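**Q** sequence and predicted structure below; questions after.
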Amino acid sequence: MTWRGSIGITDRIFGTLVYCFAIFDTLSFGSFLLNQFPVFNFLLIPAVPIGFIYGVFGQFFGQFGSFILFMILFLAVVRNERVSHFIRYNAMQSILIGILLALLDLVMQWVLIPALGLNNILMETLFNVIFLGGLAASYFSMIQSALGRYAEIPTISEAAYSQVRW
């Protein structure tokens, strides 16, 4: 994306923090890799406060807690034109990464696991690839946001940009 003006330090911080939601969404795919290599648990440290927030919302709203949290993030940040474009773009991109991970989780649960079984080496490989891909996309975007740049992830960035209005 082209540079749209100076990006302040607060915009960089909030643009980075929204990717903690995407890191939290990768947790469902990390079981195999994290059991084999516990040293990778440090990569999930940004997801700890988000897990607490999801827990609080789940306690108050039950199974609709994560949906309500999504709606708050979408309506209060992405659709709020008083929030800077940089933060809205990064929030939308984080939401899209989370949606992609949720769709992959549904495909795994309803199609691949019943067909192949959970203890298959192919399933472990798919879980590890999705986990590492989600983490890579999230951390790449966090680093780009901290540097004040718009993170470019093919297709996801285009969709995020189309959803964020000036």
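**A** Received, thanks.
**Q** quick one: contacts for L147?
**A** By Cβ atoms under 8 Å, 6 or more residues apart in numbering, the residues touching L147 are R12. (Glycine included, C-beta is placed from N, CA and C.)
**Q** pull up the per-residue confidence for it.
**A** pLDDT recorded at L147 is 95.
**Q** same question, L116
**A** Confidence at L116, expressed as pLDDT, is 75.
**Q** that one: what's its closest spatial neighbour, skipping adjacent residues?
**A** Once flanking residues are discounted, L116 sits nearest to M123: 5.6 Å by Cβ to Cβ, 6 or more residues apart in numbering.
**Q** distance of the one you found relative to F40?
**A** According to Cβ to Cβ, to the nearest Å, M123 and F40 sit 19 Å apart.
**Q** looking at the two, which one has more neighbours?
**A** Higher neighbour count among M123 and F40: M123, with 17 against 14, using other Cβ atoms under 10 Å.
**Q** contacts only, for that one.
**A** If you count contacts by Cβ under 8 Å, 6+ apart, M123 has them with M108, L112, I113, L116, G117.
**Q** state the pLDDT value of it.
**A** At M123, pLDDT is 87.
**Q** quick one, phi/psi of it?
**A** phi -70, psi -40 (degrees, to the nearest 10).
**Q** kindly report the same for R149.
**A** Dihedral angles (degrees, to the nearest 10) for R149: phi -110, psi 160.
**Q** show me what contacts it?
**A** Applying Cβ under 8 Å, 6+ apart, no residues qualify as near R149.
**Q** before we move on, the earlier item: which one of the contacts of M123 is nearest to G55?
**A** M108 (23.5 Å; Cβ to Cβ).
**Q** how deep is that closest one tucked in, by neighbour count?
**A** Look at M108: counted by other Cβ under 10 Å, it has 19 neighbours.
**Q** helix or strand: which one has the residue nearest to the spatial centre of the chain?
**A** By Cα atoms, centre = their mean, the chain has its centre lying nearest to A22, at 1.5 Å. Using DSSP states H and E, A22 sits in helix 19-25.
**Q** contacts for that helix next, please.
**A** 43-44, 46-47, 49-51, 54, 73, 90, 94-95, 97-98, 101-102, 134-135, 137-139, 141-142, 145.
**Q** list only buried entries from those residues.
**A** 43-44, 46-47, 50, 54, 73, 90, 94-95, 97-98, 101, 134-135, 137-138, 141-142, 145 (16 or more other Cβ atoms under 10 Å).
**Q** no further queries at this time; thank you.
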